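In: Have a look at this prediction, sequence included:
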Amino acid sequence: MGELRKVVCPYCGFGCNLLIDPKTLKVKPHHGEPNRGKLCPKGLHATEFVTSRDRLKRPLKRIGSAMVPISWGVAIDEIAGKLLEIRELYGADAVAFLASSKVSNEENYLLQKIARLFGTNNIDNCARLCHEASVHALKLAVGTGAQTNPYEDLEGFKAILIWGYNPAETHPVVMDYILRAKRKGAKIIVVDVRETRTMAFADYKLVLRPGTDITLANTMIHVIIREELYDEEFIRSRTNGFSEVKMAVRKYTPEYAERVT
Ligand code: SF4
């Protein structure tokens, strides 16, 4: 490898550093934070698309069943002309602009500018489709639709409950942090509807019937309340609706959960 350049992997929010040889485009992991010499397959193969035979390098226009290369000037003129024609005939709201989380914030910003200049608020991003549910739930539960702790915190935990998530296969760099915690004595509890590879590292594994997660969650709350395992001061000063929760989980005994899940 020649002189390596350090860049951030574009594929997920973990933000691993990749060391790339600009001549060969070969990738090596960076040994500092946050990935500590590890990369998942997505990062390791992050540059393959650059040399891929399928890479789109110029605009193509469908003519009949063929995709015919055209120049950028012709493509931009044709698309702009067609958009103006649609706006003239049907109004600006007949058009929607869809942005991508695989381009930069600045490019997304520019696309929403184009949409508004065109005259519509129909602008969306695939990140909303993927993350709307989790962002909403996190905002309700903890006040912000984002991760609450840095990944480094995982190493200091004494127990890690992994629920409906399979980092051993989907996020091996995070799994490395979890395994460091395990080596320091943390108990790993994995809940999922199928036997995942992450379960191979679990101290406790719970394989549920699909659709019964909420029963298990309510049962855990039931036991925490019944055995007074909660922090009273925290409940008093930082939460509301506790008596309603108590009522709601009354029937969720472990015996009930065992039958359902
Ligand atoms: S975990 Fe994988 S996809 Fe995510 S940043 Fe690291 S190498 Fe990239």
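Out: Nice, I can see it.
In: Model confidence for the closest residue to Gly145 other than its chain neighbours, exactly?
Out: Take Gly145 and drop its neighbours on the chain: the residue closest to it by C-beta to C-beta, 6 or more residues apart in numbering is Val135, 3.4 Å away. For the C-beta atoms, the positions are set from N, CA and C on the backbone; glycine is no exception. For Val135, the pLDDT comes out at 86.
In: Hmm, Val135 is touching Gln147, no?
Out: No. Val135 is not in contact with Gln147 according to C-beta atoms under 8 Å; the separation is 10.9 Å.
In: Can you pull the residues of the stretch 101-250 of the chain lying near the ligand?
Out: Those residues of the stretch 101-250 of the chain that sit near the ligand, judged by C-beta under 6 Å from any ligand atom, are His171, Val173.
In: Swap in 8 Å and give it another go.
Out: Residues of the stretch 101-250 of the chain found near the ligand (C-beta under 8 Å from any ligand atom) are His171, Pro172, Val173, Val174.
In: Count the residues that sit near the third one.
Out: This points to Val173. 22 (other C-beta atoms under 10 Å).
In: Kindly report the same for Leu44.
Out: Residues near Leu44, counting by other C-beta under 10 Å, number 17.
In: how far away is it from the ligand?
Out: As for Leu44, its distance to the ligand is 7 Å (criterion: C-beta to the nearest ligand atom, to the nearest Å).
In: Can you pick out the residue with more neighbours from Val135 and Gln147?
Out: Taking neighbours as other C-beta under 10 Å, Val135 and Gln147 compare with Val135 leading, 15 against 9.
In: Contacts for the helix or strand containing that one, please.
Out: Per DSSP states H and E, Val135 falls inside helix 126-142. With C-beta atoms under 8 Å, 6 or more residues apart in numbering as the test, helix 126-142 has contacts from Leu98, Ala99, Ser100, Ser101, Thr144, Gly145, Ala146, Thr148.
In: quick one: contacts for whichever residue of the stretch 51-200 of the chain sits closest to the ligand?
Out: The minimum distance from the stretch 51-200 of the chain to the ligand, using C-beta to the nearest ligand atom, falls at Val173 (4.0 Å). Contacts for Val173 (C-beta under 8 Å, 6+ apart) come out as Phe14, Cys16, Pro34, Asn35, Lys38, Leu39, Cys40, Gly43.
In: Next one, pLDDT for it please.
Out: Val173 carries a pLDDT score of 91 in this model.
In: try Met1
Out: Looking at Met1, its pLDDT stands at 59.
In: Would you map out the domains in the chain?
Out: Domains of the chain are assigned by automatic domain parsing as 5-51, 56-90, 92-145, 151-260.
In: so what's His171 closest to, chain neighbours aside?
Out: Cys40 is the one closest to His171 (C-beta to C-beta, 6+ apart), at 6.8 Å.
In: same question but for His45, I mixed them up
Out: Val27 (7.5 Å).
In: show me what contacts that neighbour?
Out: Contacts of Val27 (C-beta under 8 Å, 6+ apart): Leu18, Leu19, Ile20, Leu39, Gly43, Leu44, His45, Ala46, Thr47.
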